[in-house]
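**Student:** sequence first, then the predicted structure, then my questions.
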Amino acid sequence: MKRFLRALSTTLASVLLLTGSLLGPATPAHAASCTVATTADGRPYVAPTASGPGTGKKIGFDNTHAETAGNADWVLDGGFSDMACAIAGQGYTVEEIRAYPLTQTGLSAYNAVVFGEANIPLTTVEEQALQQYVSGGGGLLLVGDHYQADRNLNTWDATEVFNGFRRGHYNQTYTSPAYNYNGASSTTTYTFNTGDDWLAGAFGFRFRFNAMDLSNATTGKFAAGDPTDPEDPGILAPAQTYGVTQGVSQIATYAGSTISIVDPTRAMGVIYPNKGSIKRWASAQADDPVALYTDSVGTPAGGSATFGGINEGAYVVIAKPGGGKVAAAGDSSLWEDSTPRYKREDNGNTKSTHAGWTDSDHAVLGINLINWLATVDATSGIDSALRQPATPEPYDPFTIGEPLSEPWSTPPAGYRWYDASSFKAGAYNGNNTPGPTPPPTGTESWTWNPLPPNAYPGNKLAIFMDAQGLTPNTAYSTQDYLYVTAGGTQISKRYNRTSGLYDVSYTALTPQSLTPDTTGKLQRWEFWDLQPATANRGLSARIKVGSSNKVTQALTQVTTGSFGYLTIEQSLGYSDGTHAALFTKTGALDTAVQIVGGGNTTVTVPAGTYSLDIKSDTATQKSNVPVTITAGQTASLSAILGGGGDTG
């Protein structure tokens with residue numbers, strides 16, 4: 001119903017434009033396209049398409065909490081693809097997160113993480129990991145929706161997932177079928193939290209359990225507030241929002257929720273519904289006393305009375321709880337586009353989503369928030385001059401009853417939200433998951449991923465080659481090599497997988513014939529034996545096909561500093577010459593090296609604490625292994641794993 005109303009409003013707007021309405025120019029249906037590639041362990045990602053404030057930074061999109069359930073499709077290669085492409089245009093690498101449950105180590109690989117309508121509750125451990133991630137400087141964007149937007153019919157919607165408790169069931173553990181609809185229990189893959197008021201305690205705000213819509217779906221938009229009315233702030237000025245509303249003059253909602261400011265010292269609203277701008281969403285329960293803010297019992301569903309203003313709660317909030325930053329919005333429609341990736345998991349139907357990213361100033365707001373979240377700020381807390389009053393609550397948020405029993409509709413026969421084997425063909429997850437959308441036929445895309453920024457002496461450098469859109473089953477004559485950026489001198493011997501040897505010359509590379517698979521995809525690790533250098537210098541890594549340079553990217557050879565060593569034993573089973581070890585430090589990849597075949601491998605690593613991943617062309621063998629390198633000393637990976645260091 002929600003999508004129907006949005007489609008109807010879009011149609012009405014188009015008619016008015018054709019008849020001379022003063023609504024302004026029509027917006028394009030889609031943002032600029034970009035290429036979705038695949039990481040070494042099979043996750044979609046988008047490489048940076050330009051330099052900008054995100055250069056060298058990474059944004060993660062969570063896809064572990066049913067972000068594709070029902071009609072939702074909030075993934076970077078589907079219903080959030082316009083958003084992902086625009087973020088890549090700011091210089092970021094955008095990558096999907098698929099490792100469940102979330103850990104602080106896994107989250108630390110990203111400068112900011114986006115959650116689009118999570119519908120599976122966070123575990124207590126995940127809540128702690130997110131709080132630690134933010135405390136350590138990370139950015140978190142929570143995208144909610146209206147109350148009862150229960151996509152996977154497990155009795156939870158995103159407002160409840162983010163808050164930490166189900167409406168009417170505060171401080172209850174969810175291990176019985178009554179709270180895990182259709183027979184799920186604590187013995188399934190998913191375990192639930194203790195039903196506490198986590199979000200308010202951690203970050204100072206809480207989603208309201210309401211459902212609002214614009215008073216006028218055709219012309220109504222949130223705008224600047226009434227300067228004579230302190231209770232009608234509307235869209236606050238950039239000087240009052242740390243700049244996140246710069247260039248934002250109109251914002252819409254299509255059935256969403258508002259957000260209460262619980263602790264004004266840590267959280268603030270940046271966009272409020274204007275007074276009189278909203279009404280209860282027509283599909284909200286008519287007898288629900290919290291569908292909109294009111295001093296009495298509210299208005300009938302779709303009623304004529306309107307509400308808004310500061311007592312309604314904010315539509316978009318930001319928080320500075322200490323160390324990192326958090327932002328939240330009350331509607332996924334702000335940033336969705338009309339290109340869903342997957343089928344519905346419950347019935348296999350094609351999804352229908354709305355071109356919200358190109359509506360109003362939604363894209364400007366989205367980019368502003370991502371840039372703000374991904375930028376570390378040494379100060380914590382909301383500036384005293386910007387603080388707002390706490391949002392009054394017209395009900396007890398912990399004891400208010402549900403207007404109807406949950407879930408809001410009965411799951412189809414055979415559908416189990418927690419069991420991917422029950423999902424229909426074409427849905428995300430399990431064996432039914434299709435790969436990322438390939439580029440259009442004949443559109444080639446060659447990238448390095450991940451590209452380590454540093455190369456150290458005594459290592460066999462590893463970079464993952466990812467080519468998409470090639471002619472299936474057709475050989476390509478390729479050269480890939482490293483060279484000194486200033487002067488062009490090649491300094492690497494490439495590993496030959498057939499012979500198990502390295503090229504005999506640093507300057508004369510023999511082309512290799514590589515053939516993509518039946519989908520036109522070519523993915524593999526490439527390795528080089530680095531020539532020792534005498535000083536730090538800039539390098540470039542290049543892929544050349546025939547006489548055409550396909551991609552050139554920079555990295556640095558670092559030859560000074562404090563180094564230690566890590567031995568990766570042959571007995572671990574990764575010494576076949578096709579595996580890479582990736583060393584991540586403070587959330588960013590530092591270097592990646594080949595695990596050499598034929599014996600134990602000892603690699604040179606600067607002193608410090610790392611998260612280590614071990615990957616082949618097609619799989620992740622180990623992930624998030626804590627490793628500490630001490631200057632001048634050698635550590636053993638088998639000893640580290642034997643000591644319980646593997647969290648993969």
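**Tutor:** Now that the structure is in, tell me what you want to look at. Numbering: from 1, shown residues only.

**Student:** how close does S352 get to G60?
**Tutor:** Distance of S352 to G60, computed by Cβ to Cβ, to the nearest Å: 27 Å. (Each C-beta comes from the backbone N, C-alpha and C, glycine too.)

**Student:** tell me which of the two has more neighbours.
**Tutor:** G60 (24 against 13; other Cβ atoms under 10 Å).

**Student:** surely that one forms part of a strand?
**Tutor:** Yes - membership of G60 in a strand is supported by DSSP: H, G, I helix; E, B strand; the rest coil.

**Student:** which one is it nearest to, not counting chain neighbours?
**Tutor:** Using Cβ to Cβ, 6 or more residues apart in numbering and skipping the chain neighbours, the partner closest in space to G60 is Y110 (3.8 Å).

**Student:** any idea which helix or strand carries that neighbour?
**Tutor:** Using DSSP states H and E, Y110 sits within no helix or strand.

**Student:** report the contact partners of it.
**Tutor:** Shown in contact with Y110 (Cβ atoms under 8 Å, 6 or more residues apart in numbering): 58-60, 95, 97, 138, 587.

**Student:** out of these, which is nearest to F464?
**Tutor:** Lowest distance from F464 to those (Cβ to Cβ) belongs to E95, with 12.7 Å.

**Student:** and the strand or helix carrying that closest one, how far out from the chain middle?
**Tutor:** Assigned by DSSP H and E, E95 falls within strand 93-97. On the basis of Cα atoms, centre = their mean, to the nearest Å, strand 93-97 sits 6 Å off its chain's mean C-alpha point.

**Student:** what of stretch 230-237?
**Tutor:** 30 Å.

**Student:** buried stuff in it?
**Tutor:** By neighbour count on 16 or more other Cβ atoms under 10 Å, the buried set for stretch 230-237 is 232-236.

**Student:** same thing with stretch 46-55?
**Tutor:** When burial is assessed from 16+ other Cβ under 10 Å, stretch 46-55 yields the following buried residues: 46-49, 52, 54.

**Student:** what helices or strands is the strand holding E95 leaning on?
**Tutor:** Contacts defined by 3 or more Cβ pairs under 8 Å, 6 or more residues apart in numbering; DSSP states H and E place strand 93-97 against strand 44-46, strand 58-62, helix 81-88.

**Student:** got these as a markdown table, with mean pLDDT columns?
**Tutor:** Formatted as a markdown table, these follow (pLDDT from 0 to 100):
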| stretch | mean pLDDT |
| --- | --- |
| strand 44-46 | 93 |
| strand 58-62 | 97 |
| helix 81-88 | 96 |
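
**Student:** distance to D466 for the ones you listed - can I get that in a markdown table?
**Tutor:** Shown next, in a markdown table, are the helices and strands packed on strand 93-97 (distance: least, Cβ to Cβ, whole Å):
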| stretch | distance to D466 |
| --- | --- |
| strand 44-46 | 9 |
| strand 58-62 | 16 |
| helix 81-88 | 15 |
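
**Student:** in the stretch 151-300 of the chain, where is pLDDT below threshold?
**Tutor:** Applying pLDDT under 70 to the stretch 151-300 of the chain flags the ranges 172-194, 217-218, 294-300.

**Student:** what about the strands in it?
**Tutor:** For the stretch 151-300 of the chain, the strands defined by DSSP state E, counting those that start in this stretch occupy 205-207, 212-214, 259-261, 267-271, 278-280.

**Student:** give the next helix or strand downstream of the last one.
**Tutor:** In the C-terminal direction, the helix or strand that comes right after strand 278-280 (DSSP H and E) is strand 316-322.

**Student:** partner strands of that following strand, with direction?
**Tutor:** strand 267-271 (antiparallel), strand 324-329 (antiparallel) (DSSP bridges).

**Student:** figure out which of these is closest to G78.
**Tutor:** G78 lies closest to strand 324-329 among the strands paired with strand 316-322, at 18.5 Å (Cβ to Cβ).

**Student:** L566: neighbour count?
**Tutor:** By the measure other Cβ under 10 Å, the count of residues near L566 is 23.

**Student:** which of the residues in the helix or strand hosting it are buried?
**Tutor:** Using DSSP H and E, L566 sits in strand 563-568. Residues 563-566, 568 are the ones in strand 563-568 that count as buried (16+ other Cβ under 10 Å).

**Student:** equivalent analysis for stretch 586-600, please.
**Tutor:** Buried positions in stretch 586-600, judged by neighbour count with 16+ other Cβ under 10 Å: 587-597, 600.

**Student:** swap in stretch 463-473?
**Tutor:** Applying a neighbour-count criterion of 16+ other Cβ under 10 Å, one finds 463-470 buried in stretch 463-473.

**Student:** dump those residues to TSV, plus secondary structure, distance to T447 and pLDDT.
**Tutor:** Output for the buried residues of stretch 463-473, formatted as TSV (DSSP: H, G, I helix; E, B strand; the rest coil; distance: Cβ to Cβ, whole Å; pLDDT from 0 to 100):
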residue	secondary structure	distance to T447	pLDDT
I463	strand	10	93
F464	strand	9	92
M465	strand	8	92
D466	strand	5	89
A467	strand	8	90
Q468	strand	8	86
G469	coil	11	86
L470	coil	13	88
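
**Student:** T103: which of those is nearest?
**Tutor:** Distances from T103 to these, taken by Cβ to Cβ, are shortest for F464, at 22.6 Å.

**Student:** for the closest one, give me its contacts.
**Tutor:** F464 makes contacts with 39-40, 448-450, 523-526, 580, 592, 615, as judged by Cβ under 8 Å, 6+ apart.

**Student:** need the buried ones from the residues you listed selected in PyMOL.
**Tutor:** Typed into PyMOL, the line below selects the buried ones among the contacts of F464, using 16+ other Cβ under 10 Å:
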select buried, resi 39+40+448+449+450+523+524+525+526+580+592+615
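
**Student:** sorry, back to before: parallel or antiparallel, which strands does the strand holding L566 pair with?
**Tutor:** Counting by DSSP bridges, strand 563-568 is paired with strand 601-606 (antiparallel), strand 634-636 (parallel).

**Student:** adding mean pLDDT, write those strands out as TSV.
**Tutor:** Putting the strands paired with strand 563-568 into TSV (pLDDT from 0 to 100) gives the following:
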stretch	mean pLDDT
strand 601-606	86
strand 634-636	92
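
**Student:** out of those strands, deepest packed?
**Tutor:** Ranked by mean neighbour count, those are led by strand 601-606 with a mean of 20 (mean count of other Cβ atoms under 10 Å).
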